[in-house]
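Colleague: Sharing a model prediction with you, sequence too.
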Amino acid sequence: MRTILSAVLIVLVALLVPASAVAYWADRELGDADRYTAAMSPLASDPAVQGVVVTQVTRALAGQIDAGPFQGGVEVLLGEAMRSFTGTPAYRTAWEAANRAAHAAFLDALTTGHGDAVTIDLAPVIASVKGDLVADGVPFADRIPETHLSVKVMEYDGLGALRKGFRMLQVAGVWLPLLTLVLAATAIAVAVRRRRAVVATGLGLAVGAVLLWIAVALCRRLTLDDLPADIDRAAAGAVYDALTAFLRTTARVILAAGLVAALAAWLTGRLRRTP
């Protein structure tokens with residue numbers, strides 16, 4: 001009976017590993033403005049994301065400047081200025097400010113039902129590049145008005161169906177990982193042969209890590225396949241990877257820890273049986 005109970009608990013642990021990781025991620029990573037901004041920060045140097053920013057900002061600024069017969073030249077000039085600007089520290093600072101401002105909108109889309117997209121308000125980027133253009137004496141740069149440009153980097157028609165699940169994951173962000181650890185410890189404690197239970201629990205953790213990795217990869221594919229035609233897939237993929245980097249790292253850590261624990265317990269048993 002104790003062996004069966006231990007086996008059942010180990011299976012539960014394997015199933016709870018991905019759920020626990022996602023719950024903690026939803027609560028502590030996506031739900032925290034500082035961690036969200038830190039996760040999105042590397043995208044400042046991603047070529048696909050930079051391309052979207054350059055295109056959208058250039059289009060928005062050029063549309064608000066009436067340069068008459070020089071309109072085409074102004075658009076080219078603005079595009080070159082934006083491409084040059086994306087390689088500067090000022091751009092990275094503006095990018096982080098934009099993402100910090102967008103975090104509230106991101107959570108709003110996930111929790112209140114207002115919108116089905118991950119957007120970034122590029123107002124800090126526009127303000128910064130306008131200042132540089134004016135300082136450099138670029139013609140017509142002073143005509144650029146104060147504007148808010150929200151760029152969609154990911155959109156999902158079924159986001160509404162995920163909102164209840166996201167809220168539940170936030171609530172379970174702390175106690176679900178703790179429950180998983182308690183169940184793992186209990187599975188070992190109630191086992192008749194504890195060394196074997198340690199091996200089985202370690203392997204169960206490894207299986208859970210693999211399930212987590214598969215879930216992240218599968219959701220990535222489904223999310224990108226469901227994107228509207230006007231969303232850049234490469235940029236959306238980069239955003240998805242940035243937001244889920246914690247989950248992939250967690251999967252690797254749990255996989256390594258589980259395999260090490262299982263191997264250590266197995267080797268200990270082998271060494272004790274060696275005359």
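Modeller: Looks like it arrived, so ask away.
Colleague: Against which helices or strands is the helix ranked longest in the chain packed?
Modeller: Longest helix of the chain, by residue count under DSSP state H: helix 194-225. Packing contacts for helix 194-225, counted by 3 or more C-beta pairs under 8 Å, 6 or more residues apart in numbering; DSSP states H and E, involve helix 2-24, helix 175-189, helix 233-243, helix 245-273. For the C-beta atoms, the positions are set from N, CA and C on the backbone; glycine is no exception.
Colleague: Redo those helices as TSV? Include mean neighbour count, mean pLDDT and distance to Leu77.
Modeller: Shown next, in TSV, are the helices and strands packed on helix 194-225 (neighbours: other C-beta atoms under 10 Å; pLDDT from 0 to 100; distance: least, C-beta to C-beta, whole Å):
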stretch	mean neighbour count	mean pLDDT	distance to Leu77
helix 2-24	20	90	46
helix 175-189	17	90	53
helix 233-243	19	89	24
helix 245-273	15	88	36
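Colleague: For the stretch 51-200 of the chain, just list every one of the strands.
Modeller: Under the criterion DSSP state E, counting those that start in this stretch, strands of the stretch 51-200 of the chain are mapped to 117-121, 150-155.
Colleague: what's the least confident stretch among the ones you listed?
Modeller: Here the strands of the stretch 51-200 of the chain differ in mean pLDDT, and the lowest is strand 150-155 at a mean of 65.
Colleague: Would you enumerate the residues in contact with the closest residue in space to Val11 that isn't next to it in sequence?
Modeller: Using C-beta to C-beta, 6 or more residues apart in numbering and skipping the chain neighbours, the partner closest in space to Val11 is Gly204 (7.0 Å). By C-beta atoms under 8 Å, 6 or more residues apart in numbering, the contact list for Gly204 reads 10-11, 13-14, 17, 184, 187, 258.
Colleague: Who are the contact partners of the residue nearest the centre of the chain?
Modeller: Residue closest to the mean C-alpha point of the chain, counted by C-alpha atoms, centre = their mean, is Leu243 at 0.6 Å. Residues counted as contacts of Leu243 (C-beta under 8 Å, 6+ apart) are 30, 39-40.
Colleague: do the same with His103
Modeller: With contacts defined as C-beta under 8 Å, 6+ apart, the neighbours of His103 are 33, 36-37.
Colleague: again, only using 6 Å
Modeller: 33, 36 (C-beta atoms under 6 Å, 6 or more residues apart in numbering).
Colleague: what's the answer for Ala97, then?
Modeller: Pro124.
Colleague: and it, what pLDDT?
Modeller: 82.
Colleague: ok so, going back, ok, which of the helices and strands packed on helix 194-225 comes nearest Glu75?
Modeller: For Glu75, the closest of those is helix 233-243, at 21.2 Å, according to C-beta to C-beta.
Colleague: Give me the distance from the closest one to the chain's centre.
Modeller: In terms of C-alpha atoms, centre = their mean, to the nearest Å, the centre of helix 233-243 is set 8 Å apart from its chain centre.
Colleague: Same check on stretch 242-258?
Modeller: Relative to its parent chain, stretch 242-258 has a centroid offset of 12 Å by C-alpha atoms, centre = their mean.
Colleague: pLDDT score for the residue nearest to Val260 when sequence neighbours are not counted?
Modeller: Nearest residue to Val260, sequence neighbours excluded (C-beta to C-beta, 6+ apart): Gly202, at 7.4 Å. pLDDT, Gly202: 93.
Colleague: quick one: contacts for Gly202?
Modeller: 258, 261-262.
Colleague: Mind putting those residues into a markdown table with distance to Leu178?
Modeller: Shown next, in a markdown table, are these (distance: C-beta to C-beta, whole Å):
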| residue | distance to Leu178 |
| --- | --- |
| Gly258 | 18 |
| Ala261 | 18 |
| Ala262 | 22 |
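Colleague: Can you tell me which of those residues lies closest to Trp25?
Modeller: Using C-beta to C-beta, Gly258 is the member of the contacts of Gly202 that sits closest to Trp25, with 18.7 Å.
Colleague: Pretty sure the closest one sits against Gly208.
Modeller: No. Gly258 is beyond contact range of Gly208, at 7.7 Å (criterion: C-beta atoms under 6 Å).
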